[in-house]
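S.K.: sharing a sequence plus its predicted fold:
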Amino acid sequence: MIRVCLKPNSLFRNIFLVSLLIQTFIILSIILTRKDFMNEYNNYTFIEYQLKEGTELIYSYRYKKYPDDLHFPILKDVISINRDNIGIDPKQIGMKYPESENFKQVVMYHFQPIITGEERTLLLFTFQTFINICRRYKLTYFLTYGSLLGSYRHHGIVPWDDDIDVFMNETEKRKVILTLGNVPGFELSHLQNYQWKFYPRFYNTLLGFKHRWPFVDIFFFGENNTHVWDNTSTSSVVDPVEVYRKSEIFPLVSRPFEGLLLLAPCNVHTIMKVMFTEHDWCESNRYWHKLEKRSPRPGKVLCAELYFLYPFVFRSSKGNSSVIVEQLQLRGRTMKTYEFKNQCETLKY
C-alpha cells in the first residue's frame with residue numbers, strides 16, 4: 001500500500017486553489033448568463049404604456065412583446081393616454097338631439113359613438129393585454145354577447161358600444177386570478193356571482209365602484225358532456241334555461257375583430273339567433289358601462305338604416321360550395337373580405 005502524506009501548507013494551498021477555481025467558474029457563469037440575457041433582451045421589442053395627467057407622466061411600464069403575441073393594427077408601440085380624457089360623459093360627445101325631426105339626424109343621434117378615440121385606444125390596449133395573457137397561459141376565452149355581435153356585424157367593436165365581452169371557463173377561475181390578477185398596470189375585479197372585470201389601474205372613472213372603466217367584461221360558462229351555458233350568476237344576462245349545444249360552441253374558430261382573428265363559437269350564426277332574436281334590427285346602447293348607468297337615449301332601427309353611417313358585414317355563398325363569403329362594406333365599397341369553409345372550420349382569407 002502506498003501512503004501519500006500532505007504537509008499542512010500543501011493541503012491548505014490545494015484547498016485554496018480549488019476554491020479559487022470554483023469562484024472563477026461561478027463569476028464566468030454569471031457574466032456569460034448575463035450576456036446571454038442581455039442578448040435575448042435586446043432581441044425583444046416592447047410596448048411602452050404611458051399614463052399622463054396633463055403634461056405630467058404619472059405611470060410608465062414597458063411590456064415585452066412575445067413572438068406569439070397578437071397586436072391590434074391600430075395600436076402603436078407607444079400607448080400614451082391622458083387620464084383627464086378618460087371617462088367622459090357620453091352627453092358631452094358628439095351631436096345633441098336634433099331640433100328638427102329629420103329621420104337621418106335622429107338616427108345619427110341615437111347611434112353615435114359614446115367613446116372618444118383616446119378611450120377606444122385604451123379599451124383595445126386593455127383587451128390586447130388580456131388576450132396575450134390568455135394565450136401565454138393557455139386560458140380558454142372566446143367572444144360573446146356584444147363583442148360577438150360586433151364581430152358578426154362589423155368585424156370589430158359595435159360602433160356605439162363601450163366594453164368588451166368574453167366567456168371563460170369557470171373551472172379556470174383560480175388560474176385567472178393568478179395570471180390576469182398579476183399584470184403590471186392592470187387589476188382584476190372578481191366579485192362572487194357577478195361578471196369579473198379586467199381593467200387598467202390609476203384612472204378616476206367609476207369612483208363609486210370597485211372597478212374602473214374601460215374594462216373587459218368576463219362571463220363564465222358551465223358545461224357538461226353535451227351543453228354549455230352562462231354560469232356567471234343566478235341573475236345572468238342570459239335566461240338560465242337558454243343553453244347551447246356544445247357542438248355549436250366547440251371547437252372554437254377564429255373570427256375577424258378589429259384587424260385580428262379572435263376566438264369565437266364555431267357556429268356563430270346559430271348562436272346569434274339565440275342571443276339576438278331580431279338580428280336584422282340594430283339597438284342603441286341601453287346601458288353605458290363607462291358610467292355604469294342606463295342610457296337616456298335608447299333607439300332601435302333596421303340595421304339597413306345605418307348602412308350610410310358605419311361599415312357592416314354582408315354574406316353570400318360561393319357558388320354551389322359550402323364556402324361563406326363575408327365582406328365588410330361601407331356605402332357599397334368593400335373594405336375587407338373573409339371566407340369560411342363552413343360554420344365550424346377555422347376562418348381563412
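M.R.: Perfect, I can see it now.

S.K.: where does pLDDT dip in the stretch 1-150 of the chain?
M.R.: Within the stretch 1-150 of the chain, the stretches with pLDDT under 70 are 1-12, 16, 25-26, 28-43.

S.K.: where exactly do the helices run in it?
M.R.: For the stretch 1-150 of the chain, the helices defined by DSSP state H, counting those that start in this stretch cover 8-43, 103-110, 117-136, 145-154.

S.K.: also the stretch 151-300 of the chain?
M.R.: Assigned by DSSP H, counting those that start in this stretch, the stretch 151-300 of the chain shows helices spanning 173-180, 246-249, 268-275.

S.K.: mean pLDDT for the ones you listed - can I get that in TSV?
M.R.: Converted to TSV, the helices of the stretch 151-300 of the chain look like this (pLDDT from 0 to 100):
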stretch	mean pLDDT
helix 173-180	97
helix 246-249	94
helix 268-275	89
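
S.K.: so for residue 93, which of the ones you listed sits nearest?
M.R.: helix 268-275 (27.4 Å; Cβ to Cβ). In this view, the C-beta of every residue, glycine as well, is placed from N, C-alpha and C.

S.K.: which neighbouring elements make contact with that closest one?
M.R.: For helix 268-275, the elements it packs on are helix 145-154, helix 246-249, judged by 3 or more Cβ pairs under 8 Å, 6 or more residues apart in numbering; DSSP states H and E.

S.K.: buried sites along that helix?
M.R.: Buried positions in helix 268-275, judged by neighbour count with 16 or more other Cβ atoms under 10 Å: 268, 270, 271, 272, 275.

S.K.: go on, stretch 98-109?
M.R.: Within stretch 98-109, the residues that count as buried by 16+ other Cβ under 10 Å are 107, 108, 109.

S.K.: can you put those in TSV and add distance to residue 233?
M.R.: Listed next are those as TSV, based on distance: Cβ to Cβ, whole Å:
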residue	distance to residue 233
107	35
108	36
109	34
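
S.K.: what's the closest of those to residue 322?
M.R.: residue 107 (36.3 Å).

S.K.: that closest one touches residue 304, doesn't it?
M.R.: No: assessed by Cβ atoms under 8 Å, residue 107 is found out of contact with residue 304, at 11.1 Å.
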